[in-house]
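Q: the amino acid sequence is not available; the structure is as follows:
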């Protein structure tokens, strides 16, 4: 086995750990009822799930990224939505997504500059927890199958 294949194997194993972490965090989510806590946990789940699908540095291979081939066709829309949320809202502060608007309030001796920006409605995602769970389990199952295939040549 060449060094690049072994590094790819190592990356896949780390991706499996990320997916497993997301699955265990989904179990934690079920224990909480308060919206602020649930939102923070759900944000963590999405960032953890999406991490393998973003650019990750390697040793011999400059960039690793889990290919979308691990995502079943019928789950691609949800997958794309989660990746989009991770990239535009949760892991970055992208101005085009947030679309901030600054106002100037002049009170004579002092001024205020309130800002409004695009938020996010977590309730929609909370209603899709079962779909998200199924997506993560399915991707992990596909990934583990590939890992076993590589292990045959170790």
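A: Nice, thanks for sending it over. Just so it is clear, the structure is predicted and the values come from calculations on it, not from any experiment.
Q: can you show me the strands along this protein?
A: 56-57, 63-64, 101-102, 105-106, 111-112, 115-116 (DSSP state E).
Q: out of those, which one sits most buried?
A: Comparing the strands of the chain by mean neighbour count (mean count of other Cβ atoms under 10 Å), strand 63-64 ranks first with a mean of 14. C-beta here means a position set from N, CA and C on the backbone, and glycine is covered the same way.
Q: now the strands of the chain as a markdown table including distance to residue 122?
A: Compiled in a markdown table, those are given as follows (distance: least, Cβ to Cβ, whole Å):
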| stretch | distance to residue 122 |
| --- | --- |
| strand 56-57 | 27 |
| strand 63-64 | 30 |
| strand 101-102 | 22 |
| strand 105-106 | 30 |
| strand 111-112 | 29 |
| strand 115-116 | 19 |
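Q: mind listing what's buried along the longest helix along the chain?
A: For the chain, the longest helix by residue count, based on DSSP state H, is helix 3-29. Within helix 3-29, the residues scored as buried using 16 or more other Cβ atoms under 10 Å are 8-9, 11-12, 15-16, 18-19, 21-23, 25-26, 29.
Q: next one: stretch 143-151
A: Using 16+ other Cβ under 10 Å as the test for burial, stretch 143-151 gives 143, 144, 146.
Q: quick one: mean pLDDT for that stretch?
A: Averaging pLDDT along stretch 143-151 gives 96.
Q: again with stretch 2-10
A: For stretch 2-10, the mean pLDDT works out to 91.
Q: residue 80: how many residues sit nearby?
A: 13 (other Cβ atoms under 10 Å).
Q: again with residue 52
A: Residue 52: 23 surrounding residues under other Cβ under 10 Å.
Q: residue contacts, residue 129?
A: For residue 129, the contacting residues are 26, 29, 42, by Cβ atoms under 8 Å, 6 or more residues apart in numbering.
Q: ok, the nearest residue to the last one once chain neighbours are set aside to residue 63 distance?
A: Counting by Cβ to Cβ, 6 or more residues apart in numbering, residue 42 lies nearest to residue 125, which is 5.8 Å off, once chain neighbours are set aside. Taking Cβ to Cβ, to the nearest Å as the criterion, residue 125 is separated from residue 63 by 28 Å.
Q: same check on residue 10?
A: Noted for residue 10: a distance of 14 Å to residue 63, by Cβ to Cβ.
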